[in-house]
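Participant: how would this look folded up:
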Amino acid sequence: MDSIRIDKWLWAARFFKTRTLATEEVGKGRVQIAQQDVKPSREVRMGDTVVLWQASVKRTVVVKGISGTRGSAPVAQTLYEETAQSVLDRAQAAEQRRLHAEPALSIAHGRPTKRDRRDLQKGLNARWSASIDD
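Facilitator: Model prediction:
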């Protein structure tokens, strides 16, 4: 066997948990071979360069082996080799995420609790209406 469908190879190399997920990601354009978007039925061969995005993390790998069956993680890691630039980029992105916290986490007061809402409503009139009071 010298070629296999890209979705099946991504599943066998353990980039995605199921073939369905691999097919969906390829269909969404998150997988490229030789800098071109591909369809799930595209054949991948040894030596091809595959670029894929997983949870906004870009990975560039070179196909080193072909397998149609999903094996253990150590076996799956022999099917590809990640480029040095890709490893460096992923490390830098992880460091950026570590140093720059999510802005939403810094909000001191989020949605009011039930107790907060009661306290807010105490200051309002007992009757909340758009009608004119006489």
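
Participant: residue 109 versus residue 118, what's the distance?
Facilitator: For residue 118, the distance to residue 109 (Cβ to Cβ, to the nearest Å) stands at 16 Å. C-beta here means a position set from N, CA and C on the backbone, and glycine is covered the same way.

Participant: then residue 91?
Facilitator: 36 Å.

Participant: ok, these two, which is more surrounded?
Facilitator: residue 91 (10 against 6; other Cβ atoms under 10 Å).

Participant: which residues touch that one?
Facilitator: Going by Cβ atoms under 8 Å, 6 or more residues apart in numbering, residue 91 touches no other residue.

Participant: in three-state terms, how would it be classified?
Facilitator: helix (DSSP: H, G, I helix; E, B strand; the rest coil).

Participant: lowest-pLDDT helix or strand in this structure?
Facilitator: helix 114-122 (a mean of 83; mean pLDDT, DSSP states H and E).
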